[in-house]
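*Asks:* Quick check, what structure comes out for this input:
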Amino acid sequence: DMASTLGVTGVVTANAGVVVDNFTLDGTTLALSSGSMTLDSAAQIILDGADDGAIQLRDTGTKYADIYSTSGDFYIKSTQSDKDIKFQGNDGGVGFTALTIDMSDAGAATFNNKIVATELDISGDIDIDGTANLDIVDIDGAVDMASTLTLAGNADFNGDLDVDGTSNLDIVDVDGAVNF
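*Replies:* Sure, this is the predicted structure:
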């Protein structure tokens, strides 16, 4: 025990670790025995790992995520099987989940609200459970409807119109030849 200040001008080697208050530094581990740890810097805080700059996130020793870089690409990876990635925020004092990426469903994304985009290119099926308000629809291919199509305006067809079944038409305006 020392009752005064220790002044050292050289390197201090402590092979059994160093304890300062409730911090212990031993080898490659800095441990805090109680409370939260704050890293506070007058400038940037830089975390610089190995070649990939990997940062592992753990809870009581169990890894749940990796943050890393490969070939210049930035990765955020959920490492536990079937655990989701959630983006949360605060809207006017109310917490909410803005986006959930479901890892048990190959990364299916569920947005809490709308998606705003200047262009949307979908390469698979579209399943709309609700109303679709579309300004312009350009369909390259067949449309299979399992319900009724209601038009509240004019319908212009450039090409053939093939109706299988009964048609109940109030008024028909035909420009051109009609073959029955």
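*Asks:* what is the most centrally placed residue in the chain paired to in the beta sheet?
*Replies:* When C-alpha atoms, centre = their mean is applied to the chain, the residue found nearest the centroid is residue 101 (5.3 Å). Under DSSP bridges, the beta-bridge partners of residue 101 are residue 85, residue 109.
*Asks:* ok, so what distance separates it from residue 69?
*Replies:* 20 Å (C-beta to C-beta, to the nearest Å). To be clear about C-beta, it is placed using only N, CA and C from the backbone, and glycine gets the same treatment.
*Asks:* what residues are up against the residue nearest to the centre of the chain?
*Replies:* Contact criterion C-beta atoms under 8 Å, 6 or more residues apart in numbering gives 84, 85, 86, 107, 108, 109 as the residues in contact with residue 101.
*Asks:* and with 7 Å instead?
*Replies:* With contact set as C-beta atoms under 7 Å, 6 or more residues apart in numbering, residue 101 has these partners: 84, 85, 107, 109.
*Asks:* And it, how far from residue 168?
*Replies:* Applying C-beta to C-beta to residue 101 and residue 168 gives a distance of 47 Å.
*Asks:* Then residue 46?
*Replies:* Counting by C-beta to C-beta, the gap from residue 46 to residue 168 is 73 Å.
*Asks:* before we move on, what about residue 58?
*Replies:* Relative to residue 168, residue 58 is positioned 67 Å away (C-beta to C-beta).
*Asks:* Of the two, give the one with the bigger neighbour count.
*Replies:* residue 58 (10 against 4; other C-beta atoms under 10 Å).
*Asks:* Not including adjacent chain positions, what is the nearest residue to that one?
*Replies:* Leaving aside its sequence neighbours, residue 58 sits nearest to residue 64 (C-beta to C-beta, 6 or more residues apart in numbering; 6.8 Å).
*Asks:* Quick check, pLDDT for that neighbour.
*Replies:* pLDDT, residue 64: 95.
*Asks:* That one against residue 76, yeah?
*Replies:* No: counting by C-beta atoms under 7 Å, residue 64 sits too far from residue 76 to count as a contact (11.6 Å).
*Asks:* Would you mind measuring from residue 92 to residue 111?
*Replies:* The gap separating residue 92 from residue 111 is 19 Å, by C-beta to C-beta.
*Asks:* These two: which is more packed in?
*Replies:* Between residue 92 and residue 111, counted using other C-beta under 10 Å, residue 111 has the larger neighbour count: 11 against 4.
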